[in-house]
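[1] Below are the sequence and a predicted model; questions follow.
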Amino acid sequence: MTPPGLTAPPVLLHHAPTAGLAVDSSPGGMFSYFSDHRDEVLNWLGYHAWLSAVPVLAGLLIALPLGWLARRYRWTYPPLVTAAGVLYTIPSIALFVAMPELIGTQILDPINVAVALTVYTVALLVRVVADGLAAVPEDVAQAATAMGLTRRQRLLKVELPLAVPVIAAGVRVAVVANVSLVAVAGTIGVPNLGQLFTTGFQLSVGNPYYPPITLGIVLCVLLALVLDLLVVGATRLVTPWRRAVGGS
Amino acid sequence: MIQWLNDPGNWTAQGGIFDQLWAHLQYALIALVVAIVLALPLGLLIGHTGRGRWLVTVANAVRSLPVLGLLILLYVMLAPHIHGRGDTVYLLPTEIVLILLAVPPLLASTVAGVENVDPAVRDAAAGMGMRGGQVVRKVELPNALPLVFSGLRSATLQVIATATVAAYLGLGGLGRFVYDGQASQNFAERNAGALLVALLAVVADLLLAVAQRYTVSRGVSGRFSSRPDASTSAEGGPPELPAPPATHTA
């Protein structure tokens, strides 16, 4: 009598639960599945985290000047926000697949997914940045001008900091959505946690084999949670005045 | 890709573009109708009574689940129990996931829409002798409509995008071209599929925007032909209503 977790196939038999061995195919088998495929799963987790976080940072860096533009020169707001809306409407799988054509990369290059997700983040955040800047109270902006701040100082020292909570809310949405979007890229062969789902799907022909699927869902949710907390933490760091007044 | 799209055979053949487009629309419409029937009354009730707000939080938590994992998990769970003909084995898990994804944006935006109604307007309605149900139907719903539409548009994008991914399981729809093209290295077919999906999503969003323009009262949206310089925002909605950002996770 050995516990089922110990009878799982050795790493050599990658992905192939041999019929003769008693493999735990229930959702709870994900722990032994994880210990059997640890290097591979951690590798995918690393790719997944990278693909979820870096495009959001890049997208934010691009969206900030665009959002400022839409606020500073009002006539650019409708075309910028409409273009962003149309871009954001395109389903991710379509964008992943079209990327090599658009930027001339290899089909399986992870950079395709990174660029596509950056596009999404920009599309989501342009409007958020513009609306966040617009939500800065007019009297605050006027007070800054009256104190002798130049336009640039006013933007960097007053308007942008005050818009941070609004922008951060958009970044949180983007980063959590990204974790799910990255997994979709797994279906066209890009290495990330999505591979756990496709593996589980392929191993479930005939009988359900849950461990990789549940492991993938748990890791994706944990990753989304951690990234979300990082954004919340970073927001608190750059908005110390909100803690002082006990704001949320 | 242009060549592939230009071949009439690819449009009219069995399993061609027309068939898959129709299938895709069907999957999306079933999910959206069910989601509206579930979420709209519930959202109006939560918004009107102010009770049960935790449901919105729970529904929003669903959004952080990976769509692909959810699809495959449900498929693997349900597949051994479905012995129907044809696509049922793929369709049932897909529809469940689509509904699960369409409800949160609809519910959240409906509740937000009702809660954003000016209390003075609600008081006036009660003062005119309207009952609770009348206030909901004649005052709160029309006023909440812009946000309800923004939730519906968000849900529609999510459903169309996720239905595409469901082709990975084996379901029909425009995603078939993407995954079949990928598997057979026919990149013209794959890219054409991607383009068609993108077009479908954009056109659906456009149609909903038009529907919104014709169903939302001009008193609510602030569009008056006599006041072209009115301080309306770019989309014709009142600027003080921040729409929750539309998200899709597939």
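    It's in. Quick caveat: nothing in here was measured; it's all calculated off a predicted structure.
[2] Any regions of chain A where pLDDT drops low?
    By pLDDT under 70, the low-scoring segments of chain A are A:1-23, A:245-248.
[3] Kindly recompute the last result at 90.
    Applying pLDDT under 90 to chain A flags residues A:1-32, A:35-36, A:81-82, A:85-91, A:94, A:97-111, A:186-191, A:204-208, A:239-248.
[4] What helix or strand is B:Gly129 located in?
    B:Gly129 is part of no helix or strand, with elements assigned from DSSP states H and E.
[5] State the pLDDT value of it.
    In this model, B:Gly129 is scored at 94, pLDDT.
[6] what's it in contact with, if anything?
    If you count contacts by Cβ atoms under 8 Å, 6 or more residues apart in numbering or on different chains, B:Gly129 has none. In this view, the C-beta of every residue, glycine as well, is placed from N, C-alpha and C.
[7] and the residue nearest the centre of chain A, what element?
    The residue lying closest to the centre of chain A (Cα atoms, centre = their mean) is A:Asn178, at 2.8 Å. A:Asn178 belongs to helix A:160-185 when assigned by DSSP H and E.
[8] on that earlier part again, so the residue nearest to the centre of chain A sits against A:Thr118, correct?
    No - the pair A:Asn178 / A:Thr118 is not scored as a contact, 10.0 Å apart, by Cβ atoms under 8 Å.
[9] any idea how far B:Val197 is from B:Leu40?
    27 Å (Cβ to Cβ, to the nearest Å).
[10] With neighbour numbers in mind, choose between the two.
    Legend: neighbour count by other Cβ atoms under 10 Å in any protein chain shown for B:Val197 and B:Leu40, higher for B:Val197 (30 against 18).
[11] so what's the more buried one scoring on pLDDT?
    What the model reports for B:Val197 is a pLDDT of 93.
[12] From B:Val103, how far out is it?
    Note on B:Val197: its distance to B:Val103, by Cβ to Cβ, is 22 Å.
[13] ok, longest helix in chain A?
    The single longest helix within chain A, with elements called by DSSP state H, is helix A:38-72.
[14] Which helix or strand lies directly C-terminal to that helix?
    Proceeding N to C from helix A:38-72, the next assigned helix or strand is helix A:77-89, under DSSP H and E.
[15] Number of residues surrounding the closest residue to B:Ala126 other than its chain neighbours?
    Leaving aside its chain neighbours, B:Ala126 sits nearest to B:Val135 (6.4 Å; criterion: Cβ to Cβ, 6 or more residues apart in numbering or on different chains). Neighbours of B:Val135 under the rule other Cβ under 10 Å: 20.
[16] what about A:Ser35, neighbour count?
    So A:Ser35, with other Cβ under 10 Å, has 12 neighbours.
[17] low-confidence ranges in chain B?
    Low-confidence segments of chain B (pLDDT under 90): B:1-15, B:57-64, B:79-90, B:132, B:170, B:182-183, B:185-187, B:190-191, B:217-250.
[18] how does it look with 70?
    Applying pLDDT under 70 to chain B picks out residues B:224-247.
[19] which other helices and strands contact the helix holding A:Asn178?
    Secondary-structure packing of helix A:160-185 (3 or more Cβ pairs under 8 Å, 6 or more residues apart in numbering or on different chains; DSSP states H and E): helix A:38-72, helix A:92-103, helix A:110-134, helix A:194-203, helix A:211-238, helix B:67-78.
[20] any residue of the first one up close to chain B?
    No - if you take Cβ under 8 Å from any Cβ of the partner chain as the test, helix A:38-72 misses chain B, and the best it gets is 9.5 Å.
[21] And for the fifth one?
    Yes - counting by Cβ under 8 Å from any Cβ, chain B has neighbours in helix A:211-238: A:Ile213, A:Thr214, A:Gly216, A:Ile217, A:Cys220, A:Val221, A:Ala224, A:Leu225, A:Asp228.
[22] roughly how far is the very next helix or strand once past that helix from the heart of the chain?
    Once helix A:211-238 ends, the next helix or strand along the chain (criterion: DSSP H and E) is helix A:240-244. Computed by Cα atoms, centre = their mean, to the nearest Å, the separation of helix A:240-244 from the middle of its chain amounts to 27 Å.
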